[in-house]
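> Dropping a prediction and its sequence here:
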Amino acid sequence: MATDVLEGQLDRTFAALSDPTRRAIVERLADGEASVTELAAPFSMSLPAVSKHLKVLEKARLISRGRKAQWRPCRLEPEPLKEASDWLEEYRRLWEERLDRLDEYLRTLQGKEQDDE
């Protein structure tokens with residue numbers, strides 16, 4: 001059950017991060033809170049278009065929106081990114097171990113070739 005929940009979150013995280021605009025928004029929010037207007041500034045798109053990107057990020061739990069008087073800041077929520085990073089780290093370790101074993105095997109073969117000469 002917990003694995004299903006994590007896999008669902010990973011799917012939402014990777015789907016949300018598949019778009020370069022949303023990745024740029026996440027990068028910007030890593031520097032701190034920002035309003036929709038501030039987040040839209042570097043893009044040549046309308047505020048409603050940026051808001052759609054923010055809704056995708058919010059649905060994926062990558063960001064949250066607060067309210068401070070008239071200002072509605074967006075902030076990065078790091079937990080889903082950490083879960084994705086942890087998931088990727090497991091596979092990085094797996095492939096490094098496999099490549100290390102392959103390297104060792106190839107060195108063994110090279111040693112046998114030199115012995116045969």
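Yes, it's here. Just so it is clear, the structure is predicted and the values come from calculations on it, not from any experiment. Residues are numbered from 1 along each chain as shown.

> Give the full set of residues in contact with the residue positioned nearest the centre of the chain.
Compute the mean C-alpha point of the chain, and by C-alpha atoms, centre = their mean the closest residue is residue 81, 5.3 Å away. Applying C-beta atoms under 8 Å, 6 or more residues apart in numbering, we find residue 81 in contact with 13, 26, 62. Every residue, glycine included, has its C-beta placed from N, CA and C.

> Can you verify residue 44 is assigned to a helix?
No - using DSSP: H, G, I helix; E, B strand; the rest coil, the secondary structure at residue 44 is coil, not a helix.

> Just give me the neighbour total for it.
Look at residue 44: counted by other C-beta atoms under 10 Å, it has 6 neighbours.

> and if you look at residue 14?
Neighbour tally, residue 14, other C-beta under 10 Å: 14.

> how much space between the spatially closest residue to it that is not a sequence neighbour and residue 36?
Nearest non-adjacent residue to residue 14, counting by C-beta to C-beta, 6 or more residues apart in numbering: residue 84, 6.8 Å away. Residue 84 is 24 Å from residue 36, where distance means C-beta to C-beta, to the nearest Å.

> Next: residue 108.
59 Å.

> the more surrounded of these two?
residue 36 (18 against 10).

> Just confirm that one contacts residue 47, I think it does.
Yes - the pair formed by residue 36 and residue 47 meets the contact definition of C-beta atoms under 8 Å, at 6.1 Å.

> Would you indicate which residues of the lengthiest helix in the chain are buried?
Ranked by residue count under DSSP state H, the longest helix found in the chain is helix 79-116. Across helix 79-116, burial judged by 16 or more other C-beta atoms under 10 Å covers 80, 81, 84, 87.

> As CSV, these with distance to residue 70 and pLDDT would be great.
Converted to CSV, these look like this (distance: C-beta to C-beta, whole Å; pLDDT from 0 to 100):
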residue, distance to residue 70, pLDDT
80, 29, 95
81, 29, 95
84, 34, 94
87, 39, 92
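
> Mind putting the residues you listed into a markdown table with distance to residue 95?
Shown next, in a markdown table, are the buried residues of helix 79-116 (distance: C-beta to C-beta, whole Å):
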| residue | distance to residue 95 |
| --- | --- |
| 80 | 23 |
| 81 | 21 |
| 84 | 17 |
| 87 | 13 |
